[in-house]
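Novice: generate coordinates for the sequence data below:
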Amino acid sequence: MIWFVLLVLWPLAELFVIIELSNAIGFLWVLLLLIVSWPVGWRLIRYEGRLALFRLRDALIAGQAPTAAVVDSALVLVGAVLLLVPGFITDTIGVLLLLPTRALARRAVLRNRRSAWLNRAVNFVNWNSSRFPRSGGAAGSYDAEGTAHDLDEPQLEA
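Specialist: Below you'll find the predicted structure:
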């Protein structure tokens, strides 16, 4: 059913909006709006994408589980993809996901029961946990500097 909506009903809805908007403001204005939405969208993608990455980095530095930052990053990505798809409905949803209004979508995603997989995926294990075995056997038995050696100049050029 979801494929029917995405592949048939969504393009029909986009076409309906484009036709109705063309009748209201004229085809050239609609075409201009569709063309202008790309550069504006790219600017929003760059700006909001950077902010989402900075929030992710800050959460990791603070030692917090960056659940909201990861969801923000995913919503920015979805918004970017929607801005690349031509149409006014997708552009509107994409812009709403790129602007700070995505906080509403983030709350909906985090509150949704089906997003339990997301919460599990984002929860980081304690860094001192033994879940991640260290290479080289027992903890602390691998010395990266002890295995490194310098190369002579002629070996580097070859």
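Novice: mind giving me the packing neighbours of the helix or strand containing residue 15?
Specialist: Using DSSP states H and E, residue 15 maps to helix 10-25. In this structure, helix 10-25 makes packing contacts with helix 27-61, helix 88-98, judged by 3 or more Cβ pairs under 8 Å, 6 or more residues apart in numbering; DSSP states H and E. From N, CA and C alone the C-beta is placed, and that goes for glycine too.
Novice: now the longest one: mean pLDDT?
Specialist: Put plainly, it is helix 27-61. Mean pLDDT, helix 27-61: 83.
Novice: check which helices and strands that helix is in contact with.
Specialist: Contact here means 3+ Cβ pairs under 8 Å, 6+ apart; on that basis helix 27-61 packs against helix 10-25, helix 67-84, helix 88-98.
Novice: re earlier: for the helix holding residue 15, give me every contacting residue.
Specialist: 30, 33-34, 86-90 (Cβ atoms under 8 Å, 6 or more residues apart in numbering).
Novice: would you mind telling me which of the helices and strands packed on helix 10-25 is nearest residue 1?
Specialist: Of all these, helix 88-98 sits nearest to residue 1, with 18.9 Å by Cβ to Cβ.
Novice: just the C-alpha atoms of the closest one, please, in CSV.
Specialist: C-alpha atoms of helix 88-98 as CSV (Å, rounded to 0.1, in the frame of the first residue of the first chain):
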residue,chain,number,x,y,z
PHE,A,88,6.0,21.8,-4.1
ILE,A,89,4.8,19.3,-1.6
THR,A,90,8.2,17.7,-1.3
ASP,A,91,9.9,21.1,-1.2
THR,A,92,7.6,22.2,1.7
ILE,A,93,8.2,19.1,3.7
GLY,A,94,11.9,19.3,2.9
VAL,A,95,12.2,22.9,4.1
LEU,A,96,10.2,22.1,7.2
LEU,A,97,12.7,19.3,8.0
LEU,A,98,15.7,21.6,7.4
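Novice: buried residues in that helix?
Specialist: Neighbour counts over helix 88-98 (16 or more other Cβ atoms under 10 Å) mark 88-91, 93-98 as buried.
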